[in-house]
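*Asks:* Give me coordinates for this.
(one chain, ligands or ions: 1)
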Amino acid sequence: MLSLKTSIIGKKVIYYQEISSTNDVAKSLDVEEGTVIVADRQTKGRGRLNRKWISPEGGLWLSVVLKPKVAPQDIPKIVFLGAIGVVRTLEELSIPGRIKWPNDVLVNFRKISGILTEKVGEKVILGIGINVNNDAPENGIAVKDVLGKEVSLVHVFKILLENLDELYEIYLKSPGTIVELARELMILNVPVKVLGNGEVVGIAEDIDEDGRLVLRLGNGEIRKIIYGDVSLRFL
Ligand code: BT5
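*Replies:* Numbers count the residues shown, from 1 in each chain. I've put the predicted structure just below:
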């Protein structure tokens, strides 16, 4: 079987051939921390802000149920934990991924993975989608496109869970370390447009210790953007 070397994440794995959204199942089930919901296909895969996440067979679509006992301001950092886990997993496949703030992983500036975190009561659902052997939608990219061949989905699943487990231990001890690790992998010093409550254009200079995007506007003013209902476009 999987022979997972993890202490929390993946102690229990629930598998579906097809499901609406693994995040929805994870939200509705009363399960222990570390339980992973995984599906071959999602019929209602979701992104942020009610956007659609295309999830055909061949990709990795999963949600991890976490119950972190941390300060409320540390909860949003879990999205970075997911993104770092994906980058580290890609690295083991010799693929160089970078994080696009706040929740995307890109390869050659194309989206290979997206993260959706949701909080329900004491649970935080960490949903991760990675294009692996599926055809990625336009502007996306899949592992098979980068490597020129298909890879074992089970292998990718296993190393992702092991990476997430290691990162979760770090996170529980020191949430700030996760932000530091994410910062090293983030695409920064590029012109961006932030869309949300209106539009702001500037240079994505950095992220601060809470994971907020530090944006330098044309007039030199610094603005900090909170991870929330905003989207980022590279210019
Ligand atoms: C995300 O949202 O990137 C979060 C995606 C999370 C998906 C996982 S899969 C397991 C779990 N169950 C779920 O239902 N969701 C999670 P966002 O930043 O809003 O990006 C959404 C946008 O990405 C869409 O509007 C499309 O432009 C693009 N997109 C959709 N499907 C894609 C795919 N398979 N690959 C690359 N880009 C995609």
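*Asks:* which intervals of the chain have sub-threshold pLDDT?
*Replies:* The model of the chain has no residue with pLDDT under 70.
*Asks:* switch to 90 and redo it
*Replies:* 1, 49-50, 197-198, 227-230 (pLDDT under 90).
*Asks:* Can you name the residue of it nearest the ligand?
*Replies:* G114 (2.0 Å; CB to the nearest ligand atom). Just so you know, the C-beta spots here come from the backbone N, C-alpha and C atoms, and that holds for glycine as well.
*Asks:* so how far is the helix or strand where that residue lies off the chain centroid?
*Replies:* In this structure, G114 sits in strand 110-120 according to DSSP states H and E. The chain centroid and the centroid of strand 110-120 are separated by 4 Å, computed with CA atoms, centre = their mean, to the nearest Å.
*Asks:* following it, which helix or strand comes up?
*Replies:* As assigned by DSSP H and E, the chain's next helix or strand after strand 110-120 is strand 123-130.
*Asks:* what does that following strand contact?
*Replies:* Here strand 123-130 makes contact (CB atoms under 8 Å, 6 or more residues apart in numbering) with 21-23, 26-27, 45-46, 53, 55, 59-68, 75, 78-79, 81-82, 85-86, 89, 105, 112-119, 143, 156, 160, 164.
*Asks:* Of these, which belong to strands?
*Replies:* 60-66, 105, 112-119 (DSSP state E).
*Asks:* interface residues of this structure facing the ligand?
*Replies:* The chain comes close to the ligand at residues 21-23, 42, 45-49, 51-55, 61-63, 103-104, 111, 114-116, 127-129, 131, 136-137, 140, as judged by CB under 6 Å from any ligand atom.
*Asks:* Can I get the buried part of the residues you listed as one PyMOL selection?
*Replies:* Typed into PyMOL, the line below selects the buried ones among these, using 16 or more other CB atoms under 10 Å:
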select buried, resi 21+22+23+42+45+46+47+48+53+54+55+61+62+63+103+104+111+114+115+116+127+128+129+131+136+140
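*Asks:* Surely K77 and I178 touch.
*Replies:* Yes - taking CB atoms under 8 Å as the definition, K77 is a contact partner of I178 at 5.1 Å.
*Asks:* what touches both of the two?
*Replies:* With CB under 8 Å, 6+ apart, K77 and I178 have common neighbours Y171.
*Asks:* relative to strand 60-66, how tilted is the lengthiest helix in the chain?
*Replies:* Assignment by DSSP state H gives helix 153-173 as the longest helix of the chain. Using axes from the mean of the first three to the mean of the last three CA atoms, to 10 degrees, the inter-axis angle of helix 153-173 relative to strand 60-66 is 30 degrees.
*Asks:* in helix 153-173, what's buried?
*Replies:* 153, 156-168, 171.
*Asks:* and the angle for the next helix or strand after that helix with helix 153-173?
*Replies:* Downstream of helix 153-173, the first helix or strand assigned by DSSP H and E is helix 175-185. Interaxial angle, helix 175-185 versus helix 153-173 (the same axes, to 10 degrees): 130 degrees.
*Asks:* what lines up beside the helix or strand following helix 175-185 in the sheet?
*Replies:* Sequence-wise, the next helix or strand downstream of helix 175-185 (DSSP H and E) is strand 190-196. The strands that strand 190-196 pairs with in its sheet are strand 198-207 (antiparallel), strand 231-234 (antiparallel) (by DSSP bridges).
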